[in-house]
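1. sharing a model prediction with you, sequence too.
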Amino acid sequence: MIAADFDGRAQVRLRGLSGLPGLSGLLSLPGPLGLRGLLGLPGLLGLLVLAQPSLAASRHSDKAETFHPTMAPVPAPDCEARVGYDRDLVLPGYLLRGYTIVLMRGFDVETYLANVEKYAVTQHAIAPTMLAMVLDDPRTDGFDMSSLRNISYGASAMAPEILRAAMARWPNVGFRTAYGMTELAGNVTYLTREHHDYALAHDQSVLASCGEPNPLSNVRIVDAEGRDVAPDQAGEIIVRGEQVFAGYWRNEEATRGSFRDGWFLTGDIGRFDQAGRLYIVDRKKDMIISGGENVYSREVEDLLYEHPSVAEVAIVGAPDSKWGETVVALVRLRSAATAAALDEFCKARIGGYKRPRRYIFVEELPKSATGKILKAELRQLLRSGHFDPKESS
């Protein structure tokens, strides 16, 4: 059964397809299944071809634990189902099992809380920015969240400070995350509930990880020449396997540029720890080069999230005639703070070249439909002089 709540304007209920053959068998037929859209990418570059074996490999490789009713807090394009949250074919997979799914037209805290209470939602996936909004909203305490058993988070990096706050707020909820993208037909690494519990009790640095490679996933971290780097060294994440997409639809140039010797180049910078767990360091395009030094935006963001006045932050690079780029922090505050106070907070904790040289205080940060902060838009606004100097220092 699907329960779909579109802001109170429509209720749609469909019967699960419980009598059909298993999903993996359904996807094991030869040939491409179809096209899937990529949010935020223009034109034909935003379409890719996923072969049916790719999706089957993704499902066989997934370590996720499943409960229902489940909820999709935000819609995303899915060419196979046309509606729903695009997570590893979640909608068709749950339909085949006859599960209840609660759909939302878009995310807002009050509707999210009301749906969890009304439908006794047991699990859902959520973006870190959305989870932070729920934690900050005073209305959260007025709703019954006791049905929740699992929260999966992803789409962008989760600040460990936000994750610790969520685990403390809901100690009976299991948290889990993964690393993947549409080109990989889902996830290639997984950090289980047990890993989260271990990290909280024994090594909280693991909370910044997105887990170990899945059984059918080949994941490497390499330098600019394609050589494997040592544990704890940063490099580009590359992936090979049956679940990797076939290519971008009618864009051979983009497809060729995304592969090297059969390995898909993710464009993400990561590292493995000594135990083989993957950590996302940054997107290559979000890395800032200031005075010849690499500054990874996530490291600075995670630090600023530890400041009690910071609700949301995005670190971007701004052009600079002397240094090439300077580090800029765009901050949404939850309580009063000055640029000087935030700089003092950073000064004792990170190297001088990583510290933001400018703090811009904003009411909201631009986000995609899936809750990702749109850093490209922020960089464009900086270049255009959109922000008043009085807003920052």
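-> Perfect, I can see it now. Residues are numbered from 1 along each chain as shown.

2. where along this structure do the helices fall?
-> Along the chain, counting by DSSP state H, helices occupy 23-27, 52-61, 90-97, 109-119, 128-136, 160-169, 193-202, 252-257, 297-305, 339-347, 375-383.

3. rank these by pLDDT, which is bottom?
-> The minimum mean pLDDT among these belongs to helix 23-27 (a mean of 33).

4. distance check, residue 313 against residue 132.
-> For residue 313, the distance to residue 132 (CB to CB, to the nearest Å) stands at 10 Å. Quick note: C-beta positions are derived from backbone N, CA and C, even for glycine.

5. also residue 224?
-> 34 Å.

6. who has more neighbours, these two?
-> Ranked by neighbour count (other CB atoms under 10 Å), residue 224 and residue 132 place residue 132 first, with 23 against 7.

7. what score does the closest residue to residue 210 other than its chain neighbours have for pLDDT?
-> In this structure, residue 210 finds its nearest non-sequential neighbour in residue 179, 4.0 Å apart by CB to CB, 6 or more residues apart in numbering. In this model, residue 179 is scored at 94, pLDDT.

8. hang on, isn't residue 179 packed against residue 278?
-> Yes - under the criterion of CB atoms under 8 Å, residue 179 makes contact with residue 278 at 5.9 Å.

9. what sits in contact with each of these two?
-> Common neighbours of residue 179 and residue 278, using CB atoms under 8 Å, 6 or more residues apart in numbering, are 189, 210, 211, 237, 270.

10. how far away is the first one from residue 277?
-> Spelled out, it's residue 189. Residue 189 is 8 Å from residue 277, by CB to CB.

11. and the third one, by the same measure?
-> Summarising the geometry, the distance separating residue 211 from residue 277, computed by CB to CB, is 6 Å.

12. so what sits against both of the two?
-> By CB under 8 Å, 6+ apart, residue 211 and residue 277 have these common neighbours: residue 191.

13. nearest residue to the middle of the protein?
-> To find the centre residue of the chain, average its C-alpha atoms and take the closest one (CA atoms, centre = their mean): that gives residue 155, at 1.8 Å.

14. tell me who's in contact with residue 342.
-> Counting by CB under 8 Å, 6+ apart, residue 342 has contacts 304, 307, 309, 310, 329, 331, 356, 359.

15. typed the wrong thing, it's residue 356
-> Contacts of residue 356 were listed using CB under 8 Å, 6+ apart, and they are 300, 315, 327, 328, 329, 342, 343, 346.

16. pretty sure the last one contacts residue 301?
-> The reference is to residue 346. No - with contacts defined as CB under 8 Å, residue 346 does not count as touching residue 301, sitting 11.2 Å away.

17. name the nearest residue to residue 297, sequence neighbours excluded.
-> Leaving aside its chain neighbours, residue 297 sits nearest to residue 315 (3.9 Å; criterion: CB to CB, 6+ apart).

18. count of residues packed around that neighbour?
-> 26.

19. the one 5 residues further on too?
-> The number of residues packed around residue 320, counting by other CB under 10 Å, is 14.

20. and the gap between it and residue 378?
-> Going from residue 320 to residue 378 by CB to CB gives 16 Å.

21. ok, the residue nearest to residue 297 touching residue 301?
-> Yes - using CB under 8 Å, residue 315 is in contact with residue 301, at 5.2 Å.

22. mind checking pLDDT for residue 83?
-> Reported pLDDT at residue 83 in the predicted model: 31.

23. can I get stretch 235-253 in PDB, CA atoms only?
-> Taking C-alpha atoms only, stretch 235-253 is exported to PDB below (Å, rounded to 0.1, in the frame of the first residue of the first chain):
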ATOM      1  CA  GLY A 235      42.600  11.200  -3.800                       C
ATOM      2  CA  GLU A 236      39.800  10.800  -6.300                       C
ATOM      3  CA  ILE A 237      37.300   8.000  -5.700                       C
ATOM      4  CA  ILE A 238      36.900   5.700  -8.800                       C
ATOM      5  CA  VAL A 239      34.500   2.800  -9.200                       C
ATOM      6  CA  ARG A 240      34.300  -0.300 -11.400                       C
ATOM      7  CA  GLY A 241      31.600  -3.000 -11.500                       C
ATOM      8  CA  GLU A 242      28.400  -4.200 -13.000                       C
ATOM      9  CA  GLN A 243      26.400  -1.400 -11.400                       C
ATOM     10  CA  VAL A 244      28.200   1.400 -13.100                       C
ATOM     11  CA  PHE A 245      26.100   3.200 -15.700                       C
ATOM     12  CA  ALA A 246      26.600   2.600 -19.400                       C
ATOM     13  CA  GLY A 247      27.100   6.300 -20.300                       C
ATOM     14  CA  TYR A 248      25.400   9.700 -20.700                       C
ATOM     15  CA  TRP A 249      22.600   9.600 -23.200                       C
ATOM     16  CA  ARG A 250      23.800  10.800 -26.600                       C
ATOM     17  CA  ASN A 251      26.900  12.500 -25.200                       C
ATOM     18  CA  GLU A 252      29.900  10.400 -26.000                       C
ATOM     19  CA  GLU A 253      32.300  13.200 -25.100                       C
END
